[in-house]
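Undergrad: One predicted model, sequence on top.
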Amino acid sequence: MENIKEKVPFMIGIIILISLCIFAYYVICEQVYEYYTKIDNTRIQTLPATDDMNYEYTLTCYNEQGKSREIKFKTSRQLREGAYLKLEFLNIAGVRNWEEVQLEELPEKVREIYINQ
C-alpha cells in the first residue's frame, strides 16, 4: 500500500505532462486561424518551376478583429486582381487553404478596412 502512495504524485505528474503536450500540439500545429486579404498582383513573386506552385504572394491580411499580419502563400496561378480571399492559416504550416469570397462575406471590421482604403 505504501508503494502505491509513493507512485501517485509521479503518476499525476505524468498525466499533467501528457495533457500539456497534447494542448501545446493543438495550439501550435492544429489551431486554424482565419485571415482575410485582397489580392494585389504587384505583391507577387514568380518562383522557379520546381513544382505546381509557381507564384508566391506576400500580402497584408486581417483577422476578424481587424488585426493585421503579413502572410506569404503560394499558388499555382496568378489570382484575380482585387479579389478578396479567406485564408485558413496554421502557425507551423502557414496557409493550408484559401477561397475567394465577396466583400459582403468579410467580417465587419475587415470590410471597414477595405472600404476605407
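TA: Yes, it's here.
Undergrad: a strand runs through residue 89, doesn't it?
TA: Yes - in this structure, residue 89 lies within a strand as judged by DSSP: H, G, I helix; E, B strand; the rest coil.
Undergrad: Neighbours of the residue nearest to it when sequence neighbours are not counted, how many?
TA: Setting aside the residues directly before and after it, residue 89 is nearest to residue 33 in space (C-beta to C-beta, 6 or more residues apart in numbering), at 4.6 Å. Using the backbone N, CA and C atoms, a C-beta is placed for each residue, glycine as well. Residue 33 has 15 neighbouring residues, counting by other C-beta atoms under 10 Å.
Undergrad: per-residue pLDDT, residue 3?
TA: Predicted confidence (pLDDT) for residue 3: 75.
Undergrad: For it, which three-state class applies?
TA: Under three-state DSSP, residue 3 comes out as helix.
Undergrad: tell me, what residue is most central in this protein?
TA: With distances taken as C-alpha atoms, centre = their mean, residue 89 lies nearest the centre of the chain, 1.4 Å away.
Undergrad: Which residues are in contact with it?
TA: With contacts taken as C-beta atoms under 8 Å, 6 or more residues apart in numbering, residue 89 has the following neighbours: 32, 33, 34, 35, 61, 71, 95, 96.
Undergrad: Using TSV, lay out the residues you listed together with pLDDT.
TA: Shown next, in TSV, are the contacts of residue 89 (pLDDT from 0 to 100):
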residue	pLDDT
32	84
33	91
34	95
35	97
61	97
71	96
95	93
96	89
